[in-house]
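*Asks:* sequence plus the predicted model coming up.
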Amino acid sequence: MARAHLTIDPAFTIGPVRRRIFGGFVEHLGRHIYDGIHEPGHPSAGPDGFRRDVIELVKELGVSTIRYPGGNFVSGYNWEDGVGPVAERPQRLDLAWHSTETNRVGLHEFQHWLDLVGSELMLAVNLGTRGPKEAVELLEYANVPAGTARAAQRAANGREEPFGIAMWCLGNEMDAPWQLGHRDAEDYGKLAAMTAKAMRQVDRDLELVACGSSGRGMPTFGEWERVVLTHAYDDVDYISCHAYYQEHDGDLASFLASGVDMDAYIESVIATIDHVRAVKRSPKRIDISFDEWNVWYLTRWEEQARHFTIDEWPVAPRLLEDRYNVADAVVLGGLLISLLNHADRVTSANLAQLVNVIAPIMTEPGGPAWRQTTFFPFSVTSHAARGDALRVAVDADTTNTATYGAVPVVAAAATAEGSSLSLFLQNRHLTEATTATIDLRACQPTGAVTARGIWDTDVRAANDLRDTQRVGLRINDTARLSDGLLTVELPPVSWTALTIA
Ligand code: AHR
């Protein structure tokens with residue numbers, strides 16, 4: 001049995017837990033929108049074509065802000081194609097995913113869906129094949145109350161009142177060679193600054209996100225952030241991070257410790273932001289928008305990806321439909337722990353993605369919608385992490401990993417709001433349970449403890465169409481609180497959330 005000793009004092013806070021760190025991401029990709037959230041004719045669809053069973057699951061998941069419409073897709077997108085009478089909208093080639101975009105869903109329909117879900121829109125502009133002019137026109141269309149051609153067009157399209165979109169992404173992954181309109185850091189930094197300045201001439205209160213690297217492994221990582229911010233520091237509010245994790249060659253131990261990589265990624269980007277801030281002697285602080293993160297079996301996708309011919313442009317093909325198991329969910333819980341432990345600088349984050357495409361929610365056309373394993377740590381954390389993130393002092397046994405060396409066997413985060421406390425624990429040990437002792441004497445806890453989590457004797461167990469409920473949340477009945485000391489036994493390869501009311 002491994003052991004971990006944790007100490008928490010409510011006086012030592014990291015920062016407030018912003019709701020926006022529990023964001024999601026919906027891209028026009030595969031069966032995400034069409035045959036995912038939007039399936040006219042499905043028994044649960046309303047007259048608007050949106051599936052109500054999916055809406056209920058999205059609400060249960062507890063996503064705050066939702067990034068839209070991409071992703072790689074946005075770098076070839078004409079927003080004008082998605083507004084106006086649906087019957088008159090053009091079908092277009094989606095070059096990013098070699099599909100046909102029907103444009104049956106665009107800005108108005110997506111905002112309507114968000115209103116049903118209760119989430120905020122975070123809109124990305126196309127800086128791949130388009131530029132500041134089109135970004136400003138979209139902003140005028142979306143946010144200017146009245147009195148201009150674009151505002152009148154919006155009203156004629158059925159929406160008098162502005163959308164009032166606060167958060168905007170200045171393109172997507174512009175560092176990446178696969179991105180339409182990819183450019184170097186100098187060119188993108190100037191373009192981002194120029195676009196941001198123009199958009200602020202319309203509305204100075206926008207919150208703008210510049211593209212950081214599309215991954216920590218990119219050859220330009222670090223230098224990209226420095227150069228982009230050297231140009232755009234005064235004009236933007238966030239720089240983005242993107243990270244996807246997967247198990248390589250059966251190395252589950254390293255995979256479980258993916259949070260170690262996410263911690264290092266975040267801390268490197270903070271260092272780079274603050275370096276630029278120092279050089280500029282700026283009083284302004286820029287935060288991180290971790291606007292794509294998840295488990296994604298990217299190498300499987302790359303192996304399967306085939307070269308489509310000129311006449312192959314499917315509508316809503318099955319793309320990136322990863323099936324997640326218990327180990328994947330434990331990793332995802334660990335990544336949320338990493339985000340919470342950087343709540344002072346990661347003030348916005350988006351799980352990528354939401355439905356069918358590397359998603360916590362799956363659907364079958366004409367059939368059910370269900371929760372993947374990764375749904376559970378996200379929904380529990382989103383609902384339980386409230387108030388302030390607290391520092392957790394971890395003194396634990398270590399476990400060996402090929403990629404990160406020896407790492408603490410337990411990763412932990414804590415939040416407190418008033419007298420309620422929540423703890424999130426990941427046991428990275430492959431075979432041993434860990435006894436965690438948590439010194440909460442400074443918190444003077446008195447209430448009842450509940451402990452829920454995800455683990456299984458078969459870490460490869462998953463939910464799918466044949467058995468949509470094979471894996472779910474489990475109650476851990478080993479938690480005991482006595483004289484301010486909380487003890488709990490964490491099963492091997494597990495993620496657990498404890499709440500003290
Ligand atoms: O989330 C899938 C893709 O991953 C997104 O379109 C892109 O931004 C990233 O490379």
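*Replies:* The structure has been received and is ready for your questions. Residues are numbered from 1 along each chain as shown.

*Asks:* give me the distance between the two termini of stretch 217-235.
*Replies:* End-to-end distance for stretch 217-235: 27 Å, by CA to CA, to the nearest Å.

*Asks:* for stretch 28-48, same thing?
*Replies:* Span of stretch 28-48 from end to end, CA to CA: 18 Å.

*Asks:* closest residue of this structure to the ligand?
*Replies:* Relative to the ligand, the nearest point of the chain is Gly71 (3.1 Å; CB to the nearest ligand atom). In this view, the C-beta of every residue, glycine as well, is placed from N, C-alpha and C.

*Asks:* and that residue, what does it touch?
*Replies:* Taking CB atoms under 8 Å, 6 or more residues apart in numbering, we find Gly71 in contact with Phe25, Glu27, His28, Leu29, Ala96, Ala124, Asn172, Glu292, Ala352, Gln353.

*Asks:* apply 10 Å and report the result again.
*Replies:* Shown in contact with Gly71 (CB atoms under 10 Å, 6 or more residues apart in numbering): 25-29, 32, 77, 96-97, 124, 169, 172-173, 291-292, 352-353, 357.

*Asks:* keep only those of these that are in strands.
*Replies:* Phe25, Ala124, Cys169, Asp291, Glu292 (DSSP state E).

*Asks:* from what I see, the fourth one and Arg67 are in contact.
*Replies:* Yes: using CB atoms under 10 Å as the test, Asp291 is close enough to Arg67 to be in contact (5.5 Å).

*Asks:* which neighbours do the two share?
*Replies:* By CB under 10 Å, 6+ apart, the residues touching both Asp291 and Arg67 are 23, 25, 122, 124, 167, 169, 172, 209, 240, 348-352.

*Asks:* can I get these in JSON lines with neighbour count and pLDDT?
*Replies:* JSON lines is the format used below for the shared contacts of Asp291 and Arg67 (neighbours: other CB atoms under 10 Å; pLDDT from 0 to 100):
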{"residue": "Gly23", "neighbour count": "27", "pLDDT": "98"}
{"residue": "Phe25", "neighbour count": "29", "pLDDT": "98"}
{"residue": "Met122", "neighbour count": "25", "pLDDT": "98"}
{"residue": "Ala124", "neighbour count": "26", "pLDDT": "98"}
{"residue": "Met167", "neighbour count": "22", "pLDDT": "98"}
{"residue": "Cys169", "neighbour count": "24", "pLDDT": "98"}
{"residue": "Asn172", "neighbour count": "32", "pLDDT": "98"}
{"residue": "Val209", "neighbour count": "27", "pLDDT": "98"}
{"residue": "Ser240", "neighbour count": "27", "pLDDT": "98"}
{"residue": "Ser348", "neighbour count": "25", "pLDDT": "98"}
{"residue": "Ala349", "neighbour count": "28", "pLDDT": "98"}
{"residue": "Asn350", "neighbour count": "29", "pLDDT": "98"}
{"residue": "Leu351", "neighbour count": "29", "pLDDT": "98"}
{"residue": "Ala352", "neighbour count": "25", "pLDDT": "98"}
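
*Asks:* near the ligand, from those residues?
*Replies:* Asn172, Ala352 (CB under 6 Å from any ligand atom).

*Asks:* for the shared contacts of Asp291 and Arg67, which one is nearest Val326?
*Replies:* Using CB to CB, the shortest approach to Val326 within the shared contacts of Asp291 and Arg67 belongs to Leu351, at 17.8 Å.

*Asks:* how near is that closest one to Arg466?
*Replies:* With distances taken as CB to CB, to the nearest Å, Leu351 is found 25 Å from Arg466.

*Asks:* cool, Ala45 as well?
*Replies:* Taken as CB to CB, the span from Ala45 to Arg466 is 24 Å.

*Asks:* between those two, point out the one with more neighbours.
*Replies:* Taking other CB atoms under 10 Å, Ala45 and Arg466 do not tie; Ala45 has more neighbours (17 against 6).

*Asks:* helices of this structure, start to end?
*Replies:* 52-61, 107-117, 132-143, 149-156, 185-202, 223-232, 252-256, 258-280, 298-304, 326-340, 375-384 (DSSP state H).

*Asks:* need the mean per-residue confidence for the first one.
*Replies:* I take that to be helix 52-61. In this model, helix 52-61 has an average pLDDT of 98.

*Asks:* tell me the angle that helix makes with helix 107-117.
*Replies:* Between helix 52-61 and helix 107-117, the angle comes out at 60 degrees (axes from the mean of the first three to the mean of the last three CA atoms, to 10 degrees).

*Asks:* how far is helix 52-61 from where the chain is centred?
*Replies:* Taking CA atoms, centre = their mean, to the nearest Å, the mean C-alpha location of helix 52-61 is offset from the chain mean by 17 Å.

*Asks:* next: stretch 330-341.
*Replies:* Offset of stretch 330-341 from its chain centre (CA atoms, centre = their mean): 12 Å.

*Asks:* could you dump that stretch to PDB, C-alpha only?
*Replies:* Taking Å, rounded to 0.1, in the frame of the first residue of the first chain, the C-alpha atoms of stretch 330-341 are listed here in PDB:
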ATOM      1  CA  VAL A 330      -8.500   9.000 -14.600                       C
ATOM      2  CA  VAL A 331      -6.000  11.000 -16.800                       C
ATOM      3  CA  LEU A 332      -8.700  13.600 -17.600                       C
ATOM      4  CA  GLY A 333      -9.400  14.000 -13.800                       C
ATOM      5  CA  GLY A 334      -5.600  14.500 -13.300                       C
ATOM      6  CA  LEU A 335      -5.600  17.200 -16.000                       C
ATOM      7  CA  LEU A 336      -8.400  19.100 -14.200                       C
ATOM      8  CA  ILE A 337      -6.300  18.900 -11.100                       C
ATOM      9  CA  SER A 338      -3.500  20.600 -13.000                       C
ATOM     10  CA  LEU A 339      -5.800  23.300 -14.200                       C
ATOM     11  CA  LEU A 340      -7.200  24.000 -10.700                       C
ATOM     12  CA  ASN A 341      -3.700  24.200  -9.300                       C
END
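
*Asks:* what residues sit buried inside it?
*Replies:* For stretch 330-341, a neighbour-count test (16 or more other CB atoms under 10 Å) marks Val330, Val331, Leu332, Gly333, Gly334, Leu335, Leu336, Ile337, Ser338, Leu339, Leu340, Asn341 as buried.

*Asks:* ok, stretch 462-472 next?
*Replies:* By neighbour count with 16+ other CB under 10 Å, stretch 462-472 contains the buried residues Ala462, Asn463, Thr468, Arg470, Val471.

*Asks:* right, I'll call it a day here.
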